[in-house]
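Peer 1: Model the structure of this input:
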Amino acid sequence: DLRRSHPNNATAILFSLVTCGALIGVPAFGFLYGYTWLDWAMFGLLYVMTGLGITVGYHRLMAHRSFDCPNWVKVGFLIAGGWALENSAFKWAADHIRHHANCDQDADPYNAQRGFWYSHCGWLFFDDAHVSEKYASRLRQDPIVMWQHRYYLPIVLSGLALTFVVGFLYNGWISGLGCFLLAGVGRTFAVLNSTFCINSICHLWGRQPHGKADSSRDSWLVSLLTFGEGYHNYHHTYQSDYRNGPRWYNFDPSKWLIFALSKLGLAYSLRTAPSVPA
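Peer 2: Numbering: from 1, shown residues only. This next block holds a predicted model:
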C-alpha cells in the first residue's frame, strides 16, 4: 500500500508555524507598525524569484528535463526554488515524477481523488515508507541536485535571513522584523499555496481540451498565480514540453523566461510537442 499513513510531525509543526505567522503575525504587525515600500518590493521580488525557481527550476528543468542549461544557471534556479520552502529539488521532483506515473491512483502522492484538502496540502503531513527509488534514481545522479539536497536547510535559512537583513539595513530592528514577516513568512505562505493550487484546483475544476486520460485540467486563473503552471491538462498531455501554455497568448512567464534564456545562450535543447502550434 503506497498511501501515506505515517504522520510527519515535523512538517505539520513547520506548516503550522508558517500559517500562523502569515495569517496572524503579518496582519498584526501591519496594524501595529505598518509596512514600508521596501517590504512590499521584497515581497513581490521574492514571490517572483521563488515561484520561478519552482516552476522553471524544480518542475520544467529537473522533473521533466524540458530544457537544459549551464550548471551555474541551474544552481541559481535551485537556490531560488529552495527559498520557496517546498523541500529540496531531489524530493520535490521525485514526488512529481511519481505523480505523473501514477496520476489519480493510490501511488499518486497528491491524489486529487482523495479530496481537495488532501491534494492541496494534506498529503504533506504524512510520510510514505514505500517510495520507490525508480522515481529518484535519475535525480540522484545529478551532483548539483544532490548538493542542493545536502545544503537545503542553510539555503532555506539564507532566504529568510535575507529579508531581515535588508529590512534591518534600511531602518533598524523593527523594519527588519517587518520585512521578515511580510517578504519572508507571508511570501512563503503565498508561494506555497499558489503551488498547492496546481495539485488541487487543476485536478478538480477546469477544462480538459487536450485529453481526458486523467483528472488534470486547465485553469487560466491558476496560471496567473503560478507563472503559467495552470495549463495543467496540456502539461499532463505533453509532459516534456517546456511550455505549459503553448500558444503565444497563453499567460506563461515560465516559458517566456526559458525562451529568453535560450536566446542568450543560457538554455538549450528546448523540447516542444510538434503537433501543437506555438
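Peer 1: which residues touch Cys202?
Peer 2: 216-219, 222, 229-230, 232-233 (CB atoms under 8 Å, 6 or more residues apart in numbering). C-beta coordinates here come from the backbone N, C-alpha and C atoms, glycine included.
Peer 1: at 10 Å what do you get?
Peer 2: Cys202 makes contact with 112, 119, 215-219, 222-223, 226, 229-233, 235-236, according to CB atoms under 10 Å, 6 or more residues apart in numbering.
Peer 1: Val166 now?
Peer 2: Residues in contact with Val166 (CB under 10 Å, 6+ apart) are 38-39, 41-42, 45-46, 175-176, 179-180, 183-184.
Peer 1: And the strands in the stretch 51-200 of the chain?
Peer 2: Using DSSP state E, counting those that start in this stretch, the strands assigned to the stretch 51-200 of the chain run over residues 126-127.
Peer 1: For Asp142, see how far away Asp68 is.
Peer 2: 11 Å (CB to CB, to the nearest Å).
Peer 1: how close does the nearest residue to Gln113 once chain neighbours are set aside get to Ala183?
Peer 2: Using CB to CB, 6 or more residues apart in numbering and skipping residues adjacent in sequence, the residue nearest Gln113 is Asp104, 5.3 Å away. In this view, Asp104 and Ala183 are 37 Å apart by CB to CB.
Peer 1: who touches the residue nearest the centre of the chain in this structure?
Peer 2: By CA atoms, centre = their mean, the mean C-alpha position of the chain lies nearest to Ile54, the distance being 3.7 Å. Each residue near Ile54 by CB under 10 Å, 6+ apart is listed here: 60, 77, 80-84, 86, 89, 92, 191-192, 194-195, 198, 226-227, 229, 254.
Peer 1: for the protein, what are the low-confidence residue spans?
Peer 2: Residue ranges of the chain with pLDDT under 70: 1-7, 127-132, 275-278.
Peer 1: pull the longest helix from it.
Peer 2: Looking across the chain with DSSP state H, the single longest helix is helix 152-179.
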